[in-house]
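Chemist: Take this sequence and fold it.
(5 chains)
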Amino acid sequence: MFLARIDGTVVATAKHPSLSGCRFLVARRLEADGTPASEPNVVIDWMGAAVGQIVMVSTDGDIARQRLGNNTPARMVVAGLVDAVQQPGGAA
Amino acid sequence: MFLARIDGTVVATAKHPSLSGCRFLVARRLEADGTPASEPNVVIDWMGAAVGQIVMVSTDGDIARQRLGNNTPARMVVAGLVDAVQQPGGAA
Amino acid sequence: MFLARIDGTVVATAKHPSLSGCRFLVARRLEADGTPASEPNVVIDWMGAAVGQIVMVSTDGDIARQRLGNNTPARMVVAGLVDAVQQPGGAA
Amino acid sequence: MFLARIDGTVVATAKHPSLSGCRFLVARRLEADGTPASEPNVVIDWMGAAVGQIVMVSTDGDIARQRLGNNTPARMVVAGLVDAVQQPGGAA
Amino acid sequence: MFLARIDGTVVATAKHPSLSGCRFLVARRLEADGTPASEPNVVIDWMGAAVGQIVMVSTDGDIARQRLGNNTPARMVVAGLVDAVQQPGGAA
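Modeler: A predicted model of the protein is given here:
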């Protein structure tokens, strides 16, 4: 899993049937100092993450298969909404 | 999944039998600001993506196996044609 | 597996049910010279790794599935606490 | 899959039994402008790719397992010999 | 698979039970010109690779599961000891 910031949403009318009705979010992985990395990912969200929210993203695909069927092309999903990241030594 | 721009097509006469008849596209992953990353991927397309189209690419392999058989070497496929990416805060 | 330094903890109240009760740590992969890489990972820990501890992180997901069930989105776990890294030629 | 240029061969006498008799090639992934990326991969070839040939490399492992058995450590294989890459807009 | 240079060993007394008795090596992936990349990996070795040896590292996990059980967190193993890398065109 990794930490990411939700930056926006993706609208895609023509898509694989298993993805029908899914909410697609643009998620940018966070660097150690909290800034977002450059390459965004498209993640699926069932937890209601808002734009700006820090989330934990899973790369494992099991939640996606469990909800969308074994043939879904989806893999990255929002696995948790982050309340706080505690780094005693800072992020140097 | 990730966002990518279709840049071209790949012609390969000699290939694994499972790939016979497939349409191979050159897809470049998009950075947060919408510019394409440098290393292109070869993806398979059954959605008719045009050159220049922004797409969602799946890395999961399940669509490929479903259509080309369990022994196919293909994994990345076009999973959706993107109509819009909405980023309220911009892409800074 | 890779070497990482534990930098902190993640608090996430709303999360996938399989992750309930897990300890989430911020782990930064180590470069050859021992400095931490920039993008942190969120790993699950059952070994009691302290902040500052050098650990081996597994990316395989099997420990996670064994303990959290087959549908867990967790994959990276602490697989060992490192006592020493011996590099006879240095880390040039 | 990705595009790569074959740069050479690897000789390894002591290896996993499943790899006995395999042809190992050094393959460097191509950037969008056709230059090879820095980190080479070791791929297995049953298609007779020559040094200098542009190929499609599969990362899926299924061809390898099909031919070398389920316990093989091989995953990347040459999946096609590329005749042409057509990029109407160039590779800017 | 990829080419790597063995740089050292990792000592970890507290670890997952499946890893008991394993030999852990620090392996750095090689760039095209033969210099090692910065982020080392921890690999498991049953072939007796010495420090300084160039090896082929498998990322597939099947050798590890075959020897350490299905629940092992290990995935990268030494799959071959490299005698020579032949690159007719050099490594430019």
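Chemist: Quick one: the strands in chain A, in order.
Modeler: In chain A, strands defined by DSSP state E lie at A:2-11, A:14-15, A:24-29, A:41-44, A:54-58, A:77-81, A:84-86, listed in chain order.
Chemist: Return the alpha-carbon coordinates of the one helix or strand in chain A whose mean pLDDT sits lowest using CSV.
Modeler: Sorted by mean pLDDT, DSSP states H and E, the helices and strands of chain A end with helix A:62-68, the least confident at a mean of 79. The C-alpha trace of helix A:62-68 is given here as CSV (Å, rounded to 0.1, in the frame of the first residue of the first chain):
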residue,chain,number,x,y,z
ASP,A,62,-8.4,-8.5,-4.2
ILE,A,63,-10.9,-5.9,-3.1
ALA,A,64,-11.6,-5.1,-6.7
ARG,A,65,-12.1,-8.7,-7.7
GLN,A,66,-14.3,-9.3,-4.7
ARG,A,67,-16.6,-6.5,-5.8
LEU,A,68,-16.4,-6.4,-9.5
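Chemist: quick one: that helix to chain centroid distance?
Modeler: Remark: helix A:62-68 is offset 14 Å from the chain centroid, using Cα atoms, centre = their mean, to the nearest Å.
Chemist: That helix packs against which elements?
Modeler: The helices and strands touching helix A:62-68, judged by 3 or more Cβ pairs under 8 Å, 6 or more residues apart in numbering or on different chains; DSSP states H and E, are strand A:77-81. All C-beta spots, glycine's among them, are computed from the backbone N, C-alpha and C.
Chemist: what does chain A put close to chain C?
Modeler: Residues of chain A lying near chain C by Cβ under 8 Å from any Cβ of the partner chain: A:1-3, A:29-33, A:37, A:47, A:56, A:58-60, A:62-63, A:66, A:77, A:79-89, A:91.
Chemist: Out of those, which end up buried?
Modeler: A:1-3, A:29-32, A:37, A:47, A:56, A:58-60, A:62-63, A:77, A:79-82, A:85, A:87, A:91 (16 or more other Cβ atoms under 10 Å in any protein chain shown).
Chemist: how much space is there between the closest residue to residue A:42 other than its chain neighbours and chain D?
Modeler: Nearest residue to residue A:42, sequence neighbours excluded (Cβ to Cβ, 6 or more residues apart in numbering or on different chains): residue B:1, at 4.3 Å. Separation of residue B:1 from chain D (Cβ to the nearest Cβ, to the nearest Å): 16 Å.
Chemist: what's near enough to touch residue B:1?
Modeler: A:24, A:41-43, A:73-76, B:56-59, B:79 (Cβ atoms under 8 Å, 6 or more residues apart in numbering or on different chains).
Chemist: Check the residues you listed and tell me the two furthest apart.
Modeler: A:24 and B:59 (15.0 Å; Cβ to Cβ).
Chemist: show me where pLDDT drops low in chain A?
Modeler: Within chain A, the ranges that satisfy pLDDT under 70 run A:90-92.
Chemist: Let's see that with 90 instead.
Modeler: Along chain A, segments meeting pLDDT under 90 span A:16-19, A:21, A:31-35, A:37-39, A:59-75, A:87-92.
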